[in-house]
Each structure stands twice: as C-alpha cells, then as structure tokens.
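> Curious how this folds, go ahead:
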Amino acid sequence: MSGDSSLACSSNVNAKLTNPMKDTPQQRLLADVEVFARERGLTHILPELKKGALVAQDPDAYLHFDIFSDEDRFVLEDEKKHKWRQTGTLYYMVIMSSLAAAVQGMDEAVINGAQLIYPEQFGIDTSTCMSTASAYEYRFLTYLFQPMVAVTNSWWHLFIARFFLGIGIGPKSATVPVYAAECSPAAIRGALVMMWQMWTAFGIFFGNVADLAFYYIPDSGGVRGLNWRLM
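Model prediction:
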C-alpha cells in the first residue's frame, strides 16, 4: 500500500471515530432512524429520534431544519451557551459515580493499614505469604462481602472473603465511567468523567484517615483485632 493510500485510510478511520455519521446522507440517516424506531417499537417518539440523529450528525442542525421548533432551538442554544446548566438528574448521576470511586479508593487504603496488624493474629509469615495475599487484596471492592471480611478469624477465611470482594472491582471500574460518559453532554464529558479519578484519590485520603483513627483502638468485648476490623 502506498504512503498516500495509507494516509487516506488513516484519515478516514479518524473521521469515523470522530463522528461516524458525518458523511451519511441525511435522507439515509432519517430512513435508518425510521427503521430503528419500527424495530424497537419507538414510533411514538419518531420525531424526537430524528431530531437527535440530525443534531448528532451536525450540532448546528437545529438552525437549518424546520423539524426543530422554537423551543427546541432555545434549549439547544442554551445548552451550548451554558454548558454547566444541566438537570438535577445528571448531577445526581455524577455524585453516585463519584461515591463509587471514593469507596474504591478508600478500600485500597484501609486494607494497607489492616495488613500491618492481622498477619500477626493469623500467624502469616510476612516474608512469604503477604506478597501473595496483598496481590489479591489490593484494589478489590464490593460491599456485598465487606461484613464477611470484618468477622474473619483465619487467613484463609480472609483470603476467600477478599477474593469474592474483588469480583466487584472489574465490572464497577469498567461500567461506571462509561455510563457517566454516555450520560454526559459532550461539552463537559471530560470534566465529569475525570471525577472518577479525582474521587478515587479522595477515597485513598479518607482510607488513610481511617487507618490512623482506628490503629490504636484496643481489643474490647472479647473481639481480637478490633482495630483492623473497624478499618
């Protein structure tokens, strides 16, 4: 393949990644929307779907087509001029996504504090076993098995609890940021999705605070290792 052909192919791929509908003829685009609406049983909102497809193809389409009402034009123009003026539902989604990131970061930190304490209680040789245990424990999260971790009384019980705890980290890390990106308007998508990383860092901070707060808690009520269990 020649250099010019390679460049043209690369440019075409980049264009499709930027906007896959950019070069689609409008008649075909609207016809595809009609087919989609019939197949999905969405014909009752067909006009809205057509408007969405036109704006997805060209953000300024609302200025050129009569299908858009004056109210549609006002809302779309307002979204461009005031990009942070969004619905409460959007910001609720952002808060929930941020909390998911924060608890992940907190779990990453609190388990490090607990690892300073429970090896002695469970008789774990830190020169050999801890590296393996840490590899499975680090970055694992889901509250489904969190209570089980707090009541373990042997290293293998703890290992199993942390192993199943880790099942939650993969789906959560893969789906929550993608869901946030899909829900966010393009103009502020980057900022909202980056909330994930920022609140993960805050969670690590809160986890370290918890480690320090509970580290010197003495055993009480016959519970051995109360401090790391509270962590």
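
> Can you give me the buried ones in stretch 44-59?
Under the neighbour-count criterion of 16 or more other C-beta atoms under 10 Å, stretch 44-59 has Leu49, Lys50, Lys51, Ala53, Leu54, Val55, Gln57 buried. Any C-beta I mention is one placed from the backbone N, CA and C, and that applies to glycine too.

> Is it correct that the second one is in contact with Phe65?
Yep, that's Lys50 we're talking about. No. Using C-beta atoms under 8 Å as the test, Lys50 is too far from Phe65 to be in contact (9.1 Å).

> which residues are common contacts for the two?
Counting by C-beta atoms under 8 Å, 6 or more residues apart in numbering, Lys50 and Phe65 have no contacts in common.

> returning to that earlier point: state the pair within the buried residues of stretch 44-59 that is farthest apart.
Leu49 and Gln57 (12.7 Å; C-beta to C-beta).

> Among the buried residues of stretch 44-59, name the ones in helices.
Judged by DSSP state H, the buried residues of stretch 44-59 include Leu49, Lys50, Lys51, Ala53, Leu54, Val55, Gln57 as members of helices.

> which residues does the last one contact?
It refers to Gln57. For Gln57, the contacting residues are Asn19, Met21, Lys22, Thr24, Gln26, Leu29, by C-beta under 8 Å, 6+ apart.

> try the fifth one
The neighbours of Leu54, taking C-beta under 8 Å, 6+ apart as the test, are Gln26, Leu29, Leu30, Ala61, Tyr62, Phe65, Ile67.

> Then Ala102?
Counting by C-beta under 8 Å, 6+ apart, Ala102 has contacts Trp199, Thr200, Phe202, Gly203, Phe206.

> Let's have those in JSON lines, adding distance to Gly41, neighbour count and pLDDT.
As requested, those are exported to JSON lines (distance: C-beta to C-beta, whole Å; neighbours: other C-beta atoms under 10 Å; pLDDT from 0 to 100):
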{"residue": "Trp199", "distance to Gly41": "38", "neighbour count": "23", "pLDDT": "89"}
{"residue": "Thr200", "distance to Gly41": "40", "neighbour count": "19", "pLDDT": "89"}
{"residue": "Phe202", "distance to Gly41": "43", "neighbour count": "15", "pLDDT": "91"}
{"residue": "Gly203", "distance to Gly41": "42", "neighbour count": "24", "pLDDT": "90"}
{"residue": "Phe206", "distance to Gly41": "46", "neighbour count": "16", "pLDDT": "90"}
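
> Lowest-confidence entry in the contacts of Gln57?
Across the contacts of Gln57, the smallest pLDDT goes to Asn19, namely 77.

> Roughly how far does it sit from Glu48?
Computed as C-beta to C-beta, to the nearest Å, the Asn19 to Glu48 distance reads 20 Å.

> any idea which helix or strand carries the closest residue to Cys183 other than its chain neighbours?
Nearest-residue entry for Cys183: Met93, 5.3 Å, with adjacent residues in sequence omitted and distances by C-beta to C-beta, 6 or more residues apart in numbering. Using DSSP states H and E, Met93 sits within helix 88-114.
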